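Enquirer: Structure for this input, please:
(one chain, ligands or ions: 2)
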Amino acid sequence: MMWNLLKDIWFLFGRLFPFPTKPGLRRVGNPGRSSPVLVTANFELTVRTVMETLERDGIDAWLLVAPTKGVNVWCAGGAGDFTADTVVSILKTSGIENLVDHRRLILPQLSASGVNIWSLKERTEWKPRFGPAHVKDLSAYLRNGKSRTEREHRHLKFNLKDRFVMGTNLGFNVALLLILPLLLASVWLPGLLWGTLALLFVFSVLCSVLAFWLPGKPGVQKGLSLGILGAAVFVVFTEVTGPPDPWHLIGWTGWIMVISAFVGYDMPSWSPLWRQDATELILGVKNTHVEILPEKCIGCHLCDIVCPADLFAYDSAAKKYAVVNLDACQACGACIENCPTEAIVNNFRSGVCSCPTCAVINGVGALTRKGSERKPSEEVAATVP
Ligand code: SF4
Ligand code: SF4
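Expert: Ligands and ions are numbered 1, 2, ... in the order given. Prediction:
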């Protein structure tokens, strides 16, 4: 009971860190030989959410928990820890082929950043499909029995609650990353440590919750506008509470704007593409450019099926896709990973996640590693050819 409560608190603040649960096969309800077979990551919160959702909705299913180093689906896909190798590994070790009469396999849509569905088809006798982006739509997808997800179930939507949780996690991570330099600096500047930690946390939550309404496009502009507002509130507050020390006032006013701009700058990093903001800010070039080469496109629909941001539109006369909503791109790489003809050109796909958490887990070298250098974990490599 106490352990579960502690885990719930941790997941509110630290869900960007791995939290492994044992890989393997789970029964949801009372599955039979025709029940659906689903795959997910071995991140405890994900497994728990999938199982609770399906049980609540009265769905019987087999759930394959793949060895993704305890990382959640989207991050593991972007980091190269949820790939075709990972899925082959859990298929081979779980014994699922003896428990069902069919070979339909449903993958989480967000694993498409790492799982190449064509490779999976080639290497197994299973017929893999990508399911919906959100777990809450999984039961509806399973019930309607269609192989392709409904359009509205493919697109990521971050509601207020999602953005609040993202903000608390961002604040916690940034605070952890900066705690050592802040501790050192607080030897000379007492009060800096706790003041800065509080600012980091408050601005992370506000930046995330208000992201859609703050002015500016790059996160740093949004953060700065929030910081200017925060500094103004601070000035008014110090005027009301007593005559401020001018140096104290100038120092903290500037620091509030720096912290808020930093948090805004860092906010987009919690996607598979860190430095996205930096390139755009420093070089002034659009750094999430994806483009379809019409001569290579065979109209297989897969880019549209895996894209969580609704970027593509089908030209039914030409039987090809085109990019129509470039600004919405999340740089997840799912379309690029799954395009069978390499028709999608881009200027960002590195093939590995380069966010600070992944850099800590996978080593700083991961920041520059290319997609072709992805290696399966030892656990996965031992079970796949
Ligand atoms: S995945 Fe590639 S080939 Fe298939 S529709 Fe998209 S661009 Fe065309
Ligand atoms: S277009 Fe952008 S958001 Fe959509 S799948 Fe490709 S990389 Fe991801």
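
Enquirer: what does the stretch 51-200 of the chain have sitting close to ligand 1?
Expert: Contacts of the stretch 51-200 of the chain with ligand 1, taken as C-beta under 6 Å from any ligand atom, are absent. C-beta: built from backbone N, CA, C; applies to glycine.

Enquirer: and the stretch 51-200 of the chain, which of its residues are near ligand 2?
Expert: Going by C-beta under 6 Å from any ligand atom, none of the residues of the stretch 51-200 of the chain are near ligand 2.

Enquirer: which residue ranges form the helices in the stretch 51-200 of the chain?
Expert: 73-79, 84-94, 117-123, 138-144, 160-185, 192-209 (DSSP state H, counting those that start in this stretch).

Enquirer: among these, which is the most enclosed?
Expert: Among these, ranked by average contacts under mean count of other C-beta atoms under 10 Å, first place goes to helix 73-79 (a mean of 29).

Enquirer: helices and strands around that one, which ones?
Expert: Counting contacts by 3 or more C-beta pairs under 8 Å, 6 or more residues apart in numbering; DSSP states H and E, helix 73-79 packs against strand 37-41, helix 356-362.

Enquirer: averaging pLDDT over each of those, which comes out lowest?
Expert: The stretch with the lowest mean pLDDT among the helices and strands packed on helix 73-79 is helix 356-362, at a mean of 63.

Enquirer: Pull up the gap between residue 40 and residue 178, please.
Expert: Distance, residue 40 to residue 178, by C-beta to C-beta, to the nearest Å: 33 Å.

Enquirer: got it, and residue 73?
Expert: Relative to residue 178, residue 73 is positioned 28 Å away (C-beta to C-beta).

Enquirer: Give me the pLDDT for the most far-flung residue of the chain relative to its centre.
Expert: Ranked by distance from the centre of the chain (C-alpha atoms, centre = their mean), the top residue is residue 243, with 46.3 Å. Looking at residue 243, its pLDDT is 75.

Enquirer: now swap in residue 288 and tell me
Expert: 70.

Enquirer: My guess is it contacts residue 332. True?
Expert: No: contact criterion C-beta atoms under 8 Å: residue 288 and residue 332 do not qualify, at 9.9 Å.

Enquirer: Between those two, which is the more surrounded one?
Expert: residue 332 (26 against 21; other C-beta atoms under 10 Å).

Enquirer: Excluding sequence neighbours, find me the nearest residue to the more buried one.
Expert: residue 113 (4.8 Å; C-beta to C-beta, 6 or more residues apart in numbering).

Enquirer: can I get the helices of the stretch 51-200 of the chain in CSV with mean pLDDT?
Expert: Shown next, in CSV, are the helices of the stretch 51-200 of the chain (pLDDT from 0 to 100):
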stretch, mean pLDDT
helix 73-79, 87
helix 84-94, 96
helix 117-123, 94
helix 138-144, 93
helix 160-185, 88
helix 192-209, 91
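
Enquirer: Residue 318: which of the ones you listed is closest?
Expert: Closest approach to residue 318 among these (C-beta to C-beta): helix 117-123, 22.6 Å.

Enquirer: Could you measure from residue 246 over to ligand 2?
Expert: Residue 246 is 48 Å from ligand 2, where distance means C-beta to the nearest ligand atom, to the nearest Å.

Enquirer: Burial check on that residue, number of neighbours?
Expert: Residue 246 has 8 nearby residues by other C-beta under 10 Å.

Enquirer: pLDDT at it, what is it?
Expert: 85.

Enquirer: Renumber starting at 784 from here on
Expert: OK, 784 is where the count begins now, so the last one is residue 1029.

Enquirer: could you list every residue that touches it?
Expert: Not one residue lies near residue 1029 by C-beta atoms under 8 Å, 6 or more residues apart in numbering.

Enquirer: care to break the chain down by domain?
Expert: The chain is divided into the following domains under automatic domain parsing: 785-936, 943-1055, 1065-1155.

Enquirer: most tightly surrounded among the ones you listed?
Expert: Among these, ranked by average contacts under mean count of other C-beta under 10 Å, first place goes to domain 785-936 (a mean of 19).

Enquirer: Just the endpoints, please. Distance across it?
Expert: 36 Å (C-alpha to C-alpha, to the nearest Å).

Enquirer: Let me see the ranges of the strands in the stretch 984-1133 of the chain.
Expert: Under the criterion DSSP state E, counting those that start in this stretch, strands of the stretch 984-1133 of the chain are mapped to 1073-1075, 1095-1098, 1103-1106, 1127-1129.

Enquirer: Confidence-wise, which of those is weakest overall?
Expert: Mean pLDDT is lowest for strand 1127-1129 out of those, coming in at a mean of 86.

Enquirer: anything in that strand near ligand 2?
Expert: No: Strand 1127-1129 stays clear of ligand 2 (C-beta under 6 Å from any ligand atom), getting no nearer than 6.9 Å.

Enquirer: With only the CA atoms kept, save stretch 845-853 in PDB.
Expert: What follows is stretch 845-853, C-alpha atoms only, in PDB (Å, rounded to 0.1, in the frame of the first residue of the first chain):
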ATOM      1  CA  TRP A 845      -2.800 -10.900 -24.100                       C
ATOM      2  CA  LEU A 846      -0.300  -8.200 -23.300                       C
ATOM      3  CA  LEU A 847       3.400  -8.600 -24.300                       C
ATOM      4  CA  VAL A 848       5.600  -6.400 -22.100                       C
ATOM      5  CA  ALA A 849       8.700  -5.800 -24.200                       C
ATOM      6  CA  PRO A 850      12.200  -5.200 -22.700                       C
ATOM      7  CA  THR A 851      12.600  -1.400 -23.300                       C
ATOM      8  CA  LYS A 852      14.900  -0.800 -20.400                       C
ATOM      9  CA  GLY A 853      12.000   0.400 -18.300                       C
END
